[in-house]
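Chemist: Here you go, sequence then predicted model.
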Amino acid sequence: MSPFRALYRLQLGPGLGFGAARALVPYLRALGVSHLYLSPSLQARSGSTHGYDVIDPTRVSEDLGGEDELRALCRAAPGVVLDIVPNHMAADEANPFWASEGLRARFFDLDPETGAHRRFFTIDDLAGVRVEDPEVFATTHGKVLELVADGLVDGVRVDHPDGLALPRRYLERLRAAGVRHVWVEKILEPGEELRDWPVEGTTGYEFLNDVLGVFVDPAAEEPFTALYRELTGETRAFAEVAAEAKVEQARADLRPEVERLRRLLDEPGLDEAVASFHVYRTYVEPDTGRVEAQDREEVARAEVPERLARVLLLEERGHDELVTRFQQTTGAVMAKGVEDTAFYRYNRLLALNDVGGDPGRFGLSLAGFHERNARRRPNTLLTTFTHDTKRSADARARLTALTWVPGEWEALVRAVGLGDGIEPNDAYHVLQTVVGAWPLEPRRLVVYVEKALREGKRTSSWIEPDEEAERRVQEYGRALLASAEVERFVDRLRPLGRRIALGQLLLKLTSPGVPDLYQGDELEALALVDPDNRRPVDWARRRRLLDELREGAAPTEETHKLYVTWRTLELRARCPEAFAGTYEPIDLGPDVCSFVRGGEVLVVVPLRDVPLPDPGAAWRNVLDAALGVGLFVSG
């Protein structure tokens, strides 16, 4: 098995099946990737664009090419990590486990009173699976375990472990079944530590927010906050906005889940309690009586009535089902209330509104970044862009650059205005979106605005869409796309955004952990939320440009990211001991992030618009000096 040097995520689906992915292997090997990181590959609904709507976990997807093609891809690839979906399957008659009444009762988490199934968040046609049952686990994981046993899959990424009844025991069962390398899609809130599970680490959202935060200029917080309050009238902190949205979700979209809890224990204040947790969930295990100190701390921090707190901590027994379901529900309330509602309502700086982030935290100190880097697990994933992020790394970087020029940003906002007949908060959101993703086709913006307004659930919603209000906001966005003033401002901002993008890329490629590269992101990718981030990739262009670099061509503005990716992964391959070694912060001033890996490799990244410092004759830069970031080796 190849050591984990870098994962490259491929979003399989129509247009990119197993055969097409195999054709990319030579390019990805040349780029320096050690593992293909494949989206779900078991049989999903016909035409599925993502693979998370599995209808038969015992079969490899025929739509993607079938099992023989997957095996051929795995044999050709240097290594493979596979995304798996244990929490849910499609509630679809094409699913044999759903279509059979007997199998449905065995495999799916059904309410015996109502017959309703546990949903994946608020998606009615994705039904929760009883994977805690050993027979259900064996059936639904048999094919994946076979691929692992055959040496074709080196590790798995577990989707949404917080939806499971017993996450720790599930992961232990995976390890016992022979899966040695596991990553969990676990969102850690500020201050939360990953539990002592048999995993390599998380999928890296905490790094995404840390590496972005270190480029945010804290001096801009006051002017940004004052401008946002003046324009929109929103004076509350993000935490208040999020708390309100979580309670709304508990009482509206997630009401069926909360009502099921109420039938198990009708305690006053249940809506507020399920929405009051500061983390996605606790991990109390009722059948074994396991309650960890972190569980006690989180229940104490939440606003939970005294009796319910005793129940949740197993101090009052007899409510095991309630304890399990309550924990599964808090995660859904957090995800829908924060990521899919509050992130579209609170728009002070959209760069901060991404998965696992806290828009109330205006950046991260350099000392904080080093401290968090030093504590990362050696094989945890480091990401800046996934299929689930609200924006691509480059779009987020450009928006972060606004904090470097707050006065110029305010001048633009006042010059173009926030439109007539639309909510100022909506307009401010759209203006940032246009600036962050420029240039983008009007159709892409129209689709994004519809989703953003409906997720925000103020101006419009998925349940009660206000298409006229949406149209007015979309027209405002179209006007911004035609604005010469906006274009001039983007021209001013673009080089700053690219410096930040290149800096966060180099930090991702060199920090403790395993970098995760999202498909196509080795060239500038200015993408918005799904489905915009799954647009087709021009692979032929990337192959040609990499060939030119490897033949000695100088990096250009277009190929800066590709060049840094290739050269850094090349160095990681040559010096694996250095990147598996120590992490030593180096002080090159308050505006520069610098550290040494294993005593041999020095990383230097300016955090503001300042020149690259010269570390001295003892170090040789393996990157083009004109890039403004440095990757040095001793001698």
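Modeler: In hand now; what should we look at?
Chemist: OK, contacts around the residue lying closest to residue 170 once chain neighbours are set aside?
Modeler: Leaving out its chain neighbours, the residue that sits closest to residue 170 by C-beta to C-beta, 6 or more residues apart in numbering is residue 164, at 5.2 Å. In this view, the C-beta of every residue, glycine as well, is placed from N, C-alpha and C. Residue 164 is in contact with 86-87, 131-132, 170, 328, counting by C-beta atoms under 8 Å, 6 or more residues apart in numbering.
Chemist: list the helices and strands whichever helix or strand residue 478 is part of packs on?
Modeler: Here residue 478, judged by DSSP states H and E, is contained in helix 467-481. Counting contacts by 3 or more C-beta pairs under 8 Å, 6 or more residues apart in numbering; DSSP states H and E, helix 467-481 is packed against helix 424-437, helix 442-456.
Chemist: Can you get me the centre-to-centre distance for the helix or strand where residue 208 lies and its chain?
Modeler: For residue 208, the element it lies in under DSSP H and E is helix 205-213. Here the centre of helix 205-213 is set off from its chain's centre by 10 Å, with C-alpha atoms, centre = their mean, to the nearest Å.
Chemist: for the record, mean pLDDT for that helix?
Modeler: For helix 205-213, the mean per-residue pLDDT is 98.
Chemist: downstream neighbour of it in the secondary structure list?
Modeler: Toward the C-terminus, helix 205-213 is succeeded by helix 221-232 as the next helix or strand (DSSP H and E).
Chemist: Remind me what that next one packs against, helices and strands.
Modeler: helix 406-416, helix 424-437.
Chemist: taking these together, which one is wrapped up most tightly?
Modeler: Ranked by mean neighbour count, the helices and strands packed on helix 221-232 are led by helix 424-437 with a mean of 24 (mean count of other C-beta atoms under 10 Å).
Chemist: So, low pLDDT: which residues of the stretch 201-350 of the chain?
Modeler: Applying pLDDT under 70 to the stretch 201-350 of the chain picks out no residues at all.
Chemist: Let me see the ranges of the strands in it.
Modeler: Taking DSSP state E, counting those that start in this stretch, the strands of the stretch 201-350 of the chain run over residues 201-202.
Chemist: do you know how far residue 558 is from residue 394?
Modeler: Distance, residue 558 to residue 394, using C-beta to C-beta, to the nearest Å: 12 Å.
Chemist: cool, and residue 520?
Modeler: Taken as C-beta to C-beta, the span from residue 520 to residue 394 is 11 Å.
Chemist: just residue 313 next, same as before
Modeler: From residue 313 to residue 394 the distance is 45 Å (C-beta to C-beta).
Chemist: Which of those two has more residues huddled nearby?
Modeler: residue 394 (26 against 17; other C-beta atoms under 10 Å).
Chemist: Could you pull up the residues touching that one?
Modeler: So residue 394 contacts 497-498, 501, 521, 524-527 (C-beta under 8 Å, 6+ apart).
Chemist: Mind putting these into TSV with pLDDT, secondary structure and distance to residue 507?
Modeler: Listed next are the contacts of residue 394 as TSV, based on pLDDT from 0 to 100; DSSP: H, G, I helix; E, B strand; the rest coil; distance: C-beta to C-beta, whole Å:
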residue	pLDDT	secondary structure	distance to residue 507
497	98	helix	16
498	98	helix	15
501	98	helix	11
521	98	coil	15
524	98	coil	18
525	98	coil	18
526	98	coil	20
527	98	coil	20
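Chemist: which parts of the helix holding residue 478 are buried?
Modeler: Buried residues in helix 467-481, counted by 16 or more other C-beta atoms under 10 Å: 469-470, 472-474, 476-478, 480.
Chemist: hang on, the earlier thing: and of the helices and strands packed on helix 467-481, who's closest to residue 350?
Modeler: For residue 350, the closest of these is helix 424-437, at 4.6 Å, according to C-beta to C-beta.
Chemist: For the closest one, name the packing helices and strands.
Modeler: Counting contacts by 3+ C-beta pairs under 8 Å, 6+ apart, helix 424-437 is packed against helix 221-232, helix 393-400, helix 406-416, helix 442-456, helix 467-481, helix 484-510.
Chemist: Residues touching the fourth one, excluding its own?
Modeler: For helix 442-456, the surrounding residues in contact (C-beta under 8 Å, 6+ apart) are 340-341, 343-345, 426, 429-430, 433-434, 437, 459-462, 465, 469-470, 473-474, 477-478, 481, 528-529, 531-532.
Chemist: okay, and the common contacts of residue 558 and residue 394?
Modeler: Listed contacts common to residue 558 and residue 394 are residue 524; contacts here mean C-beta under 8 Å, 6+ apart.
Chemist: where are the low-confidence patches of the stretch 451-600 of the chain?
Modeler: For the stretch 451-600 of the chain, no range has pLDDT under 70.
Chemist: can you confirm residue 540 is in a helix?
Modeler: Yes: judged by DSSP: H, G, I helix; E, B strand; the rest coil, residue 540 forms part of a helix.
Chemist: Counting neighbours, what do you get for it?
Modeler: Counted with other C-beta under 10 Å, residues neighbouring residue 540 total 9.
Chemist: Residue 553 too?
Modeler: 13.
Chemist: Work out for me the element it sits within.
Modeler: Using DSSP H and E, residue 553 sits within no helix or strand.
Chemist: about what we covered before: quick one, grab the pLDDT at the residue nearest to residue 170.
Modeler: Predicted confidence (pLDDT) for residue 164: 98.
Chemist: And it, its phi and psi?
Modeler: phi -80, psi 150 (degrees, to the nearest 10).
Chemist: and stretch 97-110, how far out from the chain's middle?
Modeler: Centroid separation for stretch 97-110 versus its chain: 31 Å, with C-alpha atoms, centre = their mean.
Chemist: ok, residues contacting that stretch?
Modeler: 55-56, 89-93, 96, 116-118, 127-130, 133, 135-136, 139-140.
Chemist: Give me the neighbour count for residue 611.
Modeler: 8.
Chemist: any idea how far residue 397 is from it?
Modeler: Counting by C-beta to C-beta - residue 611 and residue 397 are separated by 19 Å.
Chemist: quick one: which of the helices and strands packed on helix 467-481 is nearest residue 73?
Modeler: Closest approach to residue 73 among these (C-beta to C-beta): helix 442-456, 30.5 Å.
Chemist: Distance from the closest one to the middle of the chain?
Modeler: How far helix 442-456 lies from its chain's middle: 20 Å, per C-alpha atoms, centre = their mean.
Chemist: Run a quick neighbour tally on the closest residue to residue 462 other than its chain neighbours.
Modeler: In space, and not counting its chain neighbours, residue 462 is closest to residue 454: 4.8 Å by C-beta to C-beta, 6+ apart. Residue 454 has 20 neighbours, counted by other C-beta under 10 Å.
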